[in-house]
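In: Structure here, sequence nowhere to be found:
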Ligand SMILES: [Mg+2]
């Protein structure tokens, strides 16, 4: 089976509400574009991926050229090396290209799986759980959007997440890094975290992500850690930039104040596992590692999990910005990864990819379908998006 047709289509995915600032960037807003790549074969099957990681400032023309030279005319079976039904690496002819365009390998898993009627989950090693936990990742600086309510606004949105079935959520912090005076920002972060805990009750995981907002202010970070002890934070993400001395200092603060939170980071590692992160892992200074699921790609994640075996570090792939496609991509990975913790759920409204699998008690049901289990609603696609579908045959 050969790839005979490729297309690129921008499809906006919408959040159910406006998302505010984080520590470094202004309001995320209501929507984000998904650059959908479709590759069809002469055997009538189709694979998809998201080219968002290539299209940050990219041009459609360049993307089409890249897809044409990499994939057009290629045998589906030549995309991946598979032994005993499990992927062991890229196909020899595409190995070099896949190293620099790692977002493309999700398409290879999808297409190979559909061509052979096996799931991406089994290509990734097989199912290790029946449900994949997910967390609501939409709690940005929502207090800035409704200043008169302040921290209460975030608490209300946390209560809504619980009512929607979530059992875990992530709160953006680091307000003092840019948008507020450092001391006042730390205070607001604390108020938000304590308010959210009160709103969701016990038996609910709270993750905290500062996007490096406490850089150069370890004194305020220590205040934050001490004052949020009653909220029992499950993980602390990117409180400061990855750095061995800084993470050692955080471990000491945790020991001093009795914080049991996991320390996690790695979404900014563009060539994982790079040197600083290797040191953090070897020295036991982080508990979770977060290269992006689509940006790092499945093939790199297979290598990462191999390298993490024997350590205590768990797989927590970053997913924000991958849209609805990212939910499907992370679901397949989470179903097959032994140390996976939780899917970063943007709560995108479903569009051409149709409904997500059933979601109950904070987790998605694992459905083993060919490939990634993504199919396109062709009527909707033709009606709304096909006029901006750029094709090459
Ligand atoms: Mg993050």
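Out: Cool, the structure landed. All values reported here derive from a predicted model rather than from experimental measurement.
In: quick one: residue 247 and residue 286 touch, right?
Out: Yes: here residue 247 reaches residue 286: they are 6.6 Å apart, a contact under CB atoms under 8 Å. In short, each C-beta sits where N, CA and C put it, glycine included.
In: what touches both of the two?
Out: 263, 280 (CB atoms under 8 Å, 6 or more residues apart in numbering).
In: can you give me the strands in the stretch 101-250 of the chain?
Out: Assigned strands in the stretch 101-250 of the chain, in chain order: 131-139, 168-172, 205-209, 235-237 (criterion: DSSP state E, counting those that start in this stretch).
In: Quick one, grab the pLDDT at residue 354.
Out: Per-residue pLDDT puts residue 354 at 76.
In: Same question for residue 376.
Out: 95.
In: and it, what does it touch?
Out: Counting by CB under 8 Å, 6+ apart, residue 376 has contacts 38, 46, 48, 352, 353, 354.
In: Look up how far residue 356 lies from it.
Out: 14 Å (CB to CB, to the nearest Å).
In: what does the helix of greatest length in the chain contact?
Out: The single longest helix within the chain, with elements called by DSSP state H, is helix 182-200. With CB under 8 Å, 6+ apart as the test, helix 182-200 has contacts from 139, 143, 150-152, 154-156, 158-159, 161-162, 169, 171, 173-177, 179-180, 206, 208, 210, 213-214, 217, 220, 223-224, 227-228, 230-233.
In: What's the ChimeraX line that selects buried ones from those?
Out: Restricted to buried positions by 16 or more other CB atoms under 10 Å, the ChimeraX selection for those reads:
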select :139,143,150,151,152,154,155,156,158,161,162,169,171,173,174,175,176,177,179,180,206,208,210,213,214,217,220,223,224,227,228,231,233
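In: Can you tell me which of the contacts of helix 182-200 end up in helices?
Out: Mapping the contacts of helix 182-200 onto helices (DSSP H) picks out 143, 151-152, 154-156, 158-159, 161-162, 220, 223-224, 227.
In: possible to save these as JSON lines with distance to residue 196 and pLDDT?
Out: Listed next are these as JSON lines, based on distance: CB to CB, whole Å; pLDDT from 0 to 100:
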{"residue": "143", "distance to residue 196": "11", "pLDDT": "98"}
{"residue": "151", "distance to residue 196": "8", "pLDDT": "98"}
{"residue": "152", "distance to residue 196": "10", "pLDDT": "98"}
{"residue": "154", "distance to residue 196": "6", "pLDDT": "98"}
{"residue": "155", "distance to residue 196": "5", "pLDDT": "98"}
{"residue": "156", "distance to residue 196": "10", "pLDDT": "98"}
{"residue": "158", "distance to residue 196": "4", "pLDDT": "98"}
{"residue": "159", "distance to residue 196": "9", "pLDDT": "98"}
{"residue": "161", "distance to residue 196": "9", "pLDDT": "98"}
{"residue": "162", "distance to residue 196": "10", "pLDDT": "98"}
{"residue": "220", "distance to residue 196": "19", "pLDDT": "98"}
{"residue": "223", "distance to residue 196": "18", "pLDDT": "98"}
{"residue": "224", "distance to residue 196": "14", "pLDDT": "99"}
{"residue": "227", "distance to residue 196": "14", "pLDDT": "98"}
